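In: all I have is the shape, not the residue letters:
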């Protein structure tokens, strides 16, 4: 096998390549396979009351579009609480219109205080305190459920042991490269957090579609440990409270929510940066698992390029590359089917490499900004 090697450096490079390949194969066969071949256990048939909580700031148009779908769920007993967080648009008018039509809609408002600024966590905490029921289902004003079985499909996962349900919040498919990449990024993140949850290592959920018990929220003292951060109401809360026995996943098509993706690169970068600010606060084992995948993928592609430049017709390297590519395509194709995403497979060949660099530069920019703020203080 090694007769084509001529120097110790080339042997080392080959070893590095196959070591990174092996690491990647472990992620695909040992972790991601948990999700793509997951067989859902029997569901809870008892339909407990549910409180749906939506925080809205200047979301009048989105509420007018999406709220009717949430208020018209096929579920016997639930309430919808909308927290109007310092809105300056016509949110009050929209809510007033639906309050007349639906008696299970409840609203509360936060008035602007020029001496005190706050983020979503305060609004969410107020909504949770106002909730009448133990089971909380969270989504955003710009999200629409896939159908009238949304609440039912999420709720059926709760049991005496399960206190958290992770759902999927996708984006509408639109024309353009940015939308295509955002949908890919959302798909891969979901593949990761669903898969890790099934290995007993849940580390995040998305606030667009997330459910947990009210008692769990108060037992954790809400968002007290990270109240000063703009993000973290979903991923950091789950990182703090979730474990291998109290967390369930729900990914049936009727359980999804959808929202429009950012339409400008600047807007998406700002949004992505805000989400990445919470990553340094993840548990060490979660950072190790997530970082290990990205690092091994970078080493894998780098060593592959170097090897093929030295030995362009090496059948061993080519076969190894083909093996990993096959597993990648099978995993993504299956994940796309499970999460009802389309037209991402071919572009994922490029995104698999490109995402390494974009996430790295975004993370570095966040860390540099954080250091400058500390120096200023």
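Out: Alright, I've got the coordinates. Just so it is clear, the model here is predicted, and its values are computed rather than measured. Residues are numbered from 1 along each chain as shown.

In: need the pLDDT of residue 3.
Out: With respect to pLDDT, residue 3 scores 51.

In: repeat that for residue 115.
Out: At residue 115, the model reports a pLDDT of 68.

In: which SS class is residue 108?
Out: strand (DSSP: H, G, I helix; E, B strand; the rest coil).

In: can you tell me how far it sits from residue 67?
Out: Using C-beta to C-beta, to the nearest Å, residue 108 is found at 15 Å from residue 67. Yep, even glycine has a C-beta here, placed from its N, CA and C like the rest.

In: of these two, which one has the most company?
Out: Relative neighbour count places residue 67 above the other of residue 108 and residue 67, with 23 against 14, counting by other C-beta atoms under 10 Å.

In: hmm, who's touching stretch 188-199?
Out: Contact with stretch 188-199 is made by 30-36, 38, 166, 168, 170, 202-206, 242, 244, 247, 249, 251, 286, 289-290, 293, 331-332, 335, 339, 355, as judged by C-beta atoms under 8 Å, 6 or more residues apart in numbering.

In: please spell out which residues along it are buried.
Out: By 16 or more other C-beta atoms under 10 Å, the buried positions in stretch 188-199 come out as 188, 190, 191, 192, 193, 194, 195, 196, 197, 198.

In: again, but for stretch 258-277
Out: Neighbour-count burial for stretch 258-277 [16+ other C-beta under 10 Å]: 258, 259, 261, 262, 268, 272, 275, 276, 277.

In: which among those residues gets closest to residue 223?
Out: Using C-beta to C-beta, residue 277 is the member of the buried residues of stretch 258-277 that sits closest to residue 223, with 14.3 Å.

In: quick one: low-confidence residue ranges for this protein.
Out: When residues are selected by pLDDT under 70, those of the chain lie in 1-7, 114-115, 117, 311-313, 366-377.

In: would you map the strands across it?
Out: Under the criterion DSSP state E, strands of the chain are mapped to 50-56, 78-85, 105-110, 135-140, 144-145, 164-166, 169-171, 210-213, 247-249, 257-259.

In: mind putting these into TSV with distance to residue 127?
Out: Below are the strands of the chain laid out as TSV (distance: least, C-beta to C-beta, whole Å):
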stretch	distance to residue 127
strand 50-56	4
strand 78-85	4
strand 105-110	7
strand 135-140	9
strand 144-145	18
strand 164-166	18
strand 169-171	18
strand 210-213	13
strand 247-249	22
strand 257-259	17
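
In: what is the burial count for residue 181?
Out: Other residues close to residue 181 by other C-beta under 10 Å number 21.

In: typed the wrong thing, it's residue 97
Out: Using other C-beta under 10 Å, residue 97 has 14 other residues around it.

In: change the start of the numbering to 60 and stick with it
Out: Let's use 60 as the start, then, which means that last one is residue 156.

In: report the contact partners of it.
Out: Applying C-beta under 8 Å, 6+ apart, no residues qualify as near residue 156.

In: repeat that for residue 178.
Out: Neighbours of residue 178 in contact, by C-beta under 8 Å, 6+ apart: 288, 289.

In: mind redoing it with 6 Å?
Out: residue 289 (C-beta atoms under 6 Å, 6 or more residues apart in numbering).
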